[in-house]
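Undergrad: mind looking at a prediction? Sequence and model below.
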Amino acid sequence: MENKNNTRFIVDALKKKGFKAYIVGGAVRDIMLGRTPSDFDILTHASLKEIASIFSDQNVKIVGKTFPICMVNGIEISSGRTMFDSASFPESDLAKRDFTINAMACDPLTKRIIDPFNGRKDLEDAIVRFTRDPEKRILEDPVRIIRACRFVAMIEGSLSLSSLAVILKNKNLLDKAVAKERIHHEIVKAMDLAKPSLFFRALKKTQILSKIFPSLDRCYDLDGGPHHGETVFDHSMMVGDSLPPGLPILRLAGFLHDTGKYDAAKIDNGKLTFAGHENDIGAVVDDLMALRFPVRDIAYIKSLIKSHMRPLKDQTTPKAARRLLAMLDKYGLDYRDFMRMRIADKKGNLAKTPYTLSEIRSRLKKLLLEMSDQKFFGMNDLEITGNDIIEILGLTPGPDIGKIKQMLFEKVLDDPTLNNYDDLKEICLSLKIKK
């Protein structure tokens, strides 16, 4: 509401000074879709200097080098490209925008909509279409190819035939002409949509998926095997869609979690298997690195992939639950993210029924019971240190200390009551005797 009031105040102030001013872009599109805009952008034919002067008593700053804009009370105000030709404003400026659905303007005071390229009709028909000359729009900024796929998913529609043809013709521009960080940014934004699978399917249709996620693209026609009723790609799409939009990197992991099946696939006794596929993460890591994902996000996705096959059943024993928690601690994963992935993974399998609420609760209870009792489940919780082991056994520092600590860790996982210095010392001494 504050942004809306600020917007009206800014437009009103500009108009009182004799300038035209409109809300443009995504806010108008969202209004047409019956959604509440997350932010408002204003377009005026006043110069940046004039804007700064009009709002000198407000919070004003000019940002950006290539295309500078003026921020007033957090609202973005662009100075139109045709500010010296007010007769053609804002139509000629809207003509420079990427898609027809983003090339509409609205006067918030009179409610008048300016729609020179039939963006409203394209919204009604769920069509993403480049404004005017599609090839020129792409040459201006090749990232618009990725944005087109994101908007297809946003409005749950399709590309116009002319837009699809031009994207296919110019898809190689993404290889060198675009900073990978910008593609990465579009991918993360797509994860916030209702059905990001539509984004990936649009990438596949435009032959872009093989350029940015070849690890996923190669799974497109890969049989899901005897335990699935869908291809690996379709399974991945359902899993990703089933994860919450507020956790974009978790959701991306859902779309990528089975990419290792391509490398792990083999025929065993006449059946297709993917044994150990959760460890075949090299290809997807290469993709994420190429897209300049932060190291922490890559590590998080790797951990989710490596842990997603770890079983948690009604029959899971307390000892097995402790071992699972130890693995999550080792990977730095929250048990809730592990559970979200497990639930989505099963929901995306057409050969199985999703977990019931009762089944989810019983599995969570097994983990929470071990956690609430403050039982040991992390290597760093051992009541003995590497230096203690060196002193007890008279050893020199080296890899053997880590191996001994791992052996103690396994003992405590089986029997948490052993996690005290005296018992661990006795176990160390018994290892020395065996030696």
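TA: All right, it came through fine. Numbering: from 1, shown residues only.

Undergrad: centroid-nearest residue for this protein?
TA: P248 (3.3 Å; CA atoms, centre = their mean).

Undergrad: now for that one: which residues touch it?
TA: P248 sits next to V188, M191, D192 when contact means CB atoms under 8 Å, 6 or more residues apart in numbering. Using the backbone N, CA and C atoms, a C-beta is placed for each residue, glycine as well.

Undergrad: tell me which of those is nearest to L164?
TA: M191 (23.4 Å; CB to CB).

Undergrad: state the distance from the closest residue to the closest one other than its chain neighbours to Y421.
TA: Nearest residue to M191, sequence neighbours excluded (CB to CB, 6 or more residues apart in numbering): P248, at 3.7 Å. Distance, P248 to Y421, using CB to CB, to the nearest Å: 44 Å.

Undergrad: that older thread, from L216, how far off is the residue nearest to the centre of the chain?
TA: Distance, P248 to L216, by CB to CB: 16 Å.

Undergrad: ok, how many other residues are close to E230?
TA: When counting by other CB atoms under 10 Å, one arrives at 16 neighbours for E230.

Undergrad: that one contacts M238, doesn't it?
TA: Yes: counting by CB atoms under 8 Å, E230 does reach M238; the two are 7.4 Å apart.

Undergrad: and for these two, which residues touch both?
TA: G348.

Undergrad: what segments of the stretch 151-300 of the chain are strands?
TA: 158-159, 266-268, 271-273 (DSSP state E, counting those that start in this stretch).

Undergrad: average pLDDT across the second one?
TA: Per-region confidence: strand 266-268 scores 93 on mean pLDDT.

Undergrad: which secondary structure elements does it sit against?
TA: Secondary-structure packing of strand 266-268 (3 or more CB pairs under 8 Å, 6 or more residues apart in numbering; DSSP states H and E): strand 271-273.

Undergrad: low-confidence ranges, the stretch 301-435 of the chain, go.
TA: Residues of the stretch 301-435 of the chain meeting the criterion pLDDT under 70: 373-377, 432-435.

Undergrad: ranges for the helices of it?
TA: Using DSSP state H, counting those that start in this stretch, the helices of the stretch 301-435 of the chain run over 318-331, 335-347, 357-372, 386-393, 399-414, 421-434.

Undergrad: kindly report the same for the stretch 151-300 of the chain.
TA: So, for the stretch 151-300 of the chain - with DSSP H, counting those that start in this stretch - the helices run 161-170, 173-176, 180-190, 197-205, 209-212, 214-217, 232-242, 248-256, 261-264, 282-290, 295-307.

Undergrad: rank these by pLDDT, which is bottom?
TA: helix 173-176 has the lowest average pLDDT among these, namely a mean of 90.

Undergrad: packing partners for it?
TA: The contact analysis (3+ CB pairs under 8 Å, 6+ apart) places helix 173-176 against helix 144-154, helix 209-212.

Undergrad: check contacts around the closest residue to L252 other than its chain neighbours.
TA: Closest residue in space to L252, ignoring its immediate chain neighbours: M191 at 5.6 Å, by CB to CB, 6+ apart. The contact partners of M191, by CB under 8 Å, 6+ apart, come to P245, P248, I249, R251, L252.

Undergrad: and with 7 Å instead?
TA: Going by CB atoms under 7 Å, 6 or more residues apart in numbering, M191 touches P245, P248, R251, L252.

Undergrad: before we move on, what about L216?
TA: L209, S236, F255, L256, T259.

Undergrad: for those, which one is nearest L43?
TA: L209 (34.2 Å).

Undergrad: neighbours of that closest one, how many?
TA: Neighbours around L209, by other CB under 10 Å: 21.

Undergrad: show me how the protein divides into domains.
TA: 2-119, 126-212, 232-372, 382-434 (automatic domain parsing).

Undergrad: I'd like these as CSV, with distance to P226 appended.
TA: Listed next are these as CSV, based on distance: least, CB to CB, whole Å:
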stretch, distance to P226
domain 2-119, 43
domain 126-212, 24
domain 232-372, 6
domain 382-434, 33
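
Undergrad: how much space between A179 and D141?
TA: Taken as CB to CB, the span from A179 to D141 is 11 Å.
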